[in-house]
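Asks: Predicted model and sequence below, questions to follow.
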Amino acid sequence: MFKKTIAYTTAAAILLGLTACAENGSQQETAENIVTEAKADAVTGEQLSIVCTIFPEYDWVKQILGDHASGAEITYLLDSGTDLHSYQPTAMDMAKIADCDLFVYVGGESDEWVEDALAEAVNPDMQVINLMDVMGDAAKEEEIKEGMEHDHDRDHEHEEGEVEYDEHIWLSLKNAKTLCTEIADRLSILDSANKDDYKANLDAYTARLDKLDGGFKTLIGGAAQKTLVFGDRFPFRYFADDYGLDYFAAFAGCSAETEASFDTIVFLAEKMDELGCGTIFTIENSDHKIAQTIIDNTKAKNQKIAEMNSLQSVTKDQISSGATYLSLMQANYDTLKGALQ
């Protein structure tokens, strides 16, 4: 069921080498024994090969594997910090997907390349998780709010009446529980010997998700201001809906636009004045130019800029420094706490 290690190849090479120079039965027997031992090593050295497109999937897999993660090969494709919406797989990425045991991807419009990757699959037992499919009817259509810059380039890519769904399902802690359950179920299919461990790890991780979810409910429930203004893209639709937040933003979550019009700037500045907002938000890696321009067009002109992390461009260096799904969502909690209280 698992992808095998290179032990079989090594064993075959040893067998060919020894039998080629064998002069008697004892040497032939020795060669066969080496192959038998190598095959045994290969069985004990079997490892799950798992490929994930985005950071939340990668971290969820590690959390559910627990102690078994050290014996698995887990690939995070976007570990250079590339944004999901602009990522294109390399030939090496496609090769990793082709023979992995478990492939996890978001399944939104940004993942249209996945169809070609799966067409090249060589592992007949591969388990594939499309997160959007797991969410089913809970997936939401992308929302265009009043004052938001319209993405004309994306409009041309869609046929009339075609529905575009918001891909950012991982930013809901409630969704995270559903998606982690699916991951645990698939790992249990691939590695039934350790399914009890995966269930225990899932239960422990779900409790941590519930604790942070409760923290957000308490924080936002007691906040006087429940409308956020983003001088940036807004990928937090699922998160906002979970806690009854309203929002205004320069761009939709999947927008490719980078320049806001004068009308958008003025609209958001007037909203900040109207709502009495002391903070305007951006997402990670923003240069803050749009947010600052909005501030400059308000009456007070002294609002703070705060950053929310959408977990779309987490790098391997951040992971090495200890970043996890929960730590980054906790950082979002801390940001909101500073802005709403």
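Replies: That came in fine, so what should we check first?
Asks: where in the stretch 101-250 of the chain is pLDDT low?
Replies: 151-161 (pLDDT under 70).
Asks: in it, which spans are strands?
Replies: Remark: strands assigned in the stretch 101-250 of the chain by DSSP state E, counting those that start in this stretch are 102-105, 127-130, 227-234, 246-252.
Asks: Put the alpha carbons of stretch 174-194 into CSV.
Replies: C-alpha atoms of stretch 174-194 as CSV (Å, rounded to 0.1, in the frame of the first residue of the first chain):
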residue,chain,number,x,y,z
LYS,A,174,-15.0,24.9,12.2
ASN,A,175,-14.0,23.9,8.7
ALA,A,176,-10.6,22.8,10.0
LYS,A,177,-12.3,20.2,12.2
THR,A,178,-14.2,18.8,9.3
LEU,A,179,-11.1,18.7,7.0
CYS,A,180,-8.9,17.2,9.7
THR,A,181,-11.4,14.4,10.2
GLU,A,182,-11.3,13.6,6.5
ILE,A,183,-7.5,13.5,6.6
ALA,A,184,-7.5,11.2,9.6
ASP,A,185,-10.0,8.9,7.8
ARG,A,186,-7.8,8.7,4.7
LEU,A,187,-4.6,8.0,6.8
SER,A,188,-6.5,5.2,8.6
ILE,A,189,-7.3,3.6,5.2
LEU,A,190,-3.7,3.8,4.1
ASP,A,191,-2.2,2.7,7.5
SER,A,192,-4.9,0.8,9.4
ALA,A,193,-2.4,-0.6,11.9
ASN,A,194,-2.1,2.9,13.4
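Asks: Residues contacting it, please?
Replies: Residues outside stretch 174-194 that contact it (Cβ atoms under 8 Å, 6 or more residues apart in numbering): 1-2, 48, 56-57, 60-61, 63-65, 68, 101-102, 104, 125, 127, 129, 131, 134-135, 138, 169-170, 195, 198-199, 201-202, 205-206, 209-210, 213, 238, 242, 325. Every residue, glycine included, has its C-beta placed from N, CA and C.
Asks: related to what we said a few turns ago, export the strands of the stretch 101-250 of the chain to a markdown table and tack on mean neighbour count and distance to residue 177?
Replies: What follows is the strands of the stretch 101-250 of the chain, written out as a markdown table (neighbours: other Cβ atoms under 10 Å; distance: least, Cβ to Cβ, whole Å):
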| stretch | mean neighbour count | distance to residue 177 |
| --- | --- | --- |
| strand 102-105 | 25 | 16 |
| strand 127-130 | 18 | 15 |
| strand 227-234 | 25 | 23 |
| strand 246-252 | 22 | 23 |
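Asks: Reformat those strands as TSV; add distance to residue 339.
Replies: Below are the strands of the stretch 101-250 of the chain laid out as TSV (distance: least, Cβ to Cβ, whole Å):
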stretch	distance to residue 339
strand 102-105	33
strand 127-130	34
strand 227-234	8
strand 246-252	13
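Asks: who wins for proximity to residue 288 among those strands?
Replies: strand 227-234 (7.7 Å; Cβ to Cβ).
Asks: Show me what that closest one is packed up against.
Replies: With contacts defined as 3 or more Cβ pairs under 8 Å, 6 or more residues apart in numbering; DSSP states H and E, the packing partners of strand 227-234 are strand 246-252, helix 262-275, strand 279-283, helix 289-296.
Asks: Now do it: distance to the chain's middle.
Replies: On the basis of Cα atoms, centre = their mean, to the nearest Å, strand 227-234 sits 21 Å off its chain's mean C-alpha point.
Asks: so it versus helix 289-296, what angle?
Replies: Going by axes from the mean of the first three to the mean of the last three Cα atoms, to 10 degrees, strand 227-234 is angled at 150 degrees with respect to helix 289-296.
Asks: thinking again about what came up before, out of the contacts of stretch 174-194, which are buried?
Replies: 2, 48, 56-57, 60-61, 63-65, 68, 101-102, 104, 127, 129, 131, 134-135, 169-170, 198-199, 201-202, 205-206, 209, 213, 238, 242, 325 (16 or more other Cβ atoms under 10 Å).
Asks: In helices, which of the residues you listed fall?
Replies: In helices, judged by DSSP state H, the following of these are found: 56-57, 60-61, 63-65, 131, 134-135, 198-199, 201-202, 205-206, 209, 213, 238, 242, 325.
Asks: who are the neighbours in contact with residue 241?
Replies: Residues near residue 241 by Cβ under 8 Å, 6+ apart: 140, 172.
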